[in-house]
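[1] Fold the following, please.
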Amino acid sequence: AAEALLVLQLAHERGRGRDSPHHAYVSSLPTDPPCGYSPSHRSEAMDAITSLGLELGLDVNGWPAEIVKAADYADRMADALSRDYGA
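    Below is the predicted model:
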């Protein structure tokens, strides 16, 4: 999976710190990205979906379930990478 390789490469480069040729880019990345399947942002995403449905009348049927599925997948990937390559 290309995503897993990218995560591993970014973790490696972040671990190298200033010795990484990509230090400026890697250090500019957020440590807690604002995505809906991030545990710290999930409730905000669910609130936003509810607002889209109620205030704008959008058909958001099924959106919360998709965020939950994406979060579960992200958690499984993180667990697998931690098992395979260490935390």
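[2] Show me where the chain dips below the pLDDT cut-off.
    Filtered on pLDDT under 70, the chain yields the residue ranges 1, 86-87.
[3] Go through it and flag its longest helix.
    Taking DSSP state H as the criterion, the chain has its longest helix at helix 63-85.
[4] any idea how far the most far-flung residue of the chain relative to its centre is from Gly36?
    Distance from the centre of the chain peaks at Gly57, with 27.6 Å (Cα atoms, centre = their mean). Gly57 sits 21 Å away from Gly36, going by Cβ to Cβ, to the nearest Å. C-beta coordinates here come from the backbone N, C-alpha and C atoms, glycine included.
[5] mind checking how far Asp75 is from Arg18?
    Taking Cβ to Cβ, one finds Asp75 at 31 Å from Arg18.
[6] and if you look at Tyr25?
    13 Å.
[7] What does the nearest residue to His41 once chain neighbours are set aside show for phi and psi?
    Leaving aside its chain neighbours, His41 sits nearest to Pro34 (5.4 Å; criterion: Cβ to Cβ, 6 or more residues apart in numbering). Torsion angles at Pro34 (phi, psi; degrees, to the nearest 10) stand at phi -80, psi 70.
[8] Tell me how many other residues crowd Pro34.
    10 (other Cβ atoms under 10 Å).
[9] same thing with Gly62?
    9.
[10] Using CSV, write down the CA coordinates of stretch 11-22.
    In CSV, the C-alpha atoms belonging to stretch 11-22 read as follows (Å, rounded to 0.1, in the frame of the first residue of the first chain):
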residue,chain,number,x,y,z
ALA,A,11,8.0,9.1,10.1
HIS,A,12,11.5,8.2,9.2
GLU,A,13,12.3,11.7,7.9
ARG,A,14,10.6,13.3,11.0
GLY,A,15,12.8,11.1,13.2
ARG,A,16,15.9,12.3,11.4
GLY,A,17,15.1,15.8,12.4
ARG,A,18,17.4,18.5,11.0
ASP,A,19,19.5,15.8,9.4
SER,A,20,16.7,15.1,6.9
PRO,A,21,17.0,16.8,3.5
HIS,A,22,13.2,17.2,3.8
